[in-house]
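>>> turn this into a model:
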Amino acid sequence: MTDYGYTVDVPEGYDEAVIRARLALRGEGFSILTEMHVGGMLGPEAGDERQYLFMGAWNDPKIEELANGVEVAAHLPCNVVVQETGSSAIVAALDPADALAEEGLPPSEDMADSTRLALARAFQRISQAS
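Purely as a prediction, here's the structure:
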């Protein structure tokens with residue numbers, strides 16, 4: 001884990017990184033609720049045609065966290081990004097518990113710990129060669 005959250009390089013490239021991220025997240029109990037491909041949207045005028053995939057992954061939050069209000073619920077999906085970097089790719093995610101705390105909405109310790117552990121295991125899976 002870095003100050004940013006979780007980051008791993010996948011030297012085998014973007015397509016392999018997407019496959020690994022999906023499998024690793026599902027393997028740790030995350031459901032991928034959304035996927036948005038934004039590669040090429042910046043276009044050549046921005047000098048950036050790399051592929052990007054944003055995933056909203058949900059890790060079965062505790063029901064009491066949802067009872068804390070829409071502000072907390074809006075932060076519960078983990079935002080995972082897969083970004084093409086030449087012939088390799090980077091997979092990254094913010095720690096949702098840290099993001100909540102920065103907004104003045106600290107989650108319960110149980111939710112924070114379980115999410116951090118699940119993300120750490122998922123990113124460990126992503127980093128391992130298939």
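>>> every contact and neighbour count from this point should use C-alpha atoms.
Noted.
>>> which other residues reach the strand or helix carrying residue 9?
Using DSSP states H and E, residue 9 maps to strand 6-10. Applying Cα atoms under 8 Å, 6 or more residues apart in numbering, the contact partners of strand 6-10 are 1, 16-17, 88-95, 119-120, 123, 126-127.
>>> how about the helices in the chain?
Taking DSSP state H as the criterion, the chain contains helices spanning 14-27, 63-66, 70-75, 96-102, 109-127.
>>> just to revisit the earlier point, now the buried members of the contacts of strand 6-10.
Neighbour counting by 16 or more other Cα atoms under 10 Å classes 16-17, 88-95, 119-120, 123, 126-127 among the contacts of strand 6-10 as buried.
>>> tell me how far residue 16 lies from residue 94.
Applying Cα to Cα, to the nearest Å, the value for residue 16 to residue 94 is 21 Å.
>>> doesn't residue 80 make contact with residue 90?
No. If you go by Cα atoms under 8 Å, residue 90 and residue 80 don't touch, sitting 10.4 Å apart.
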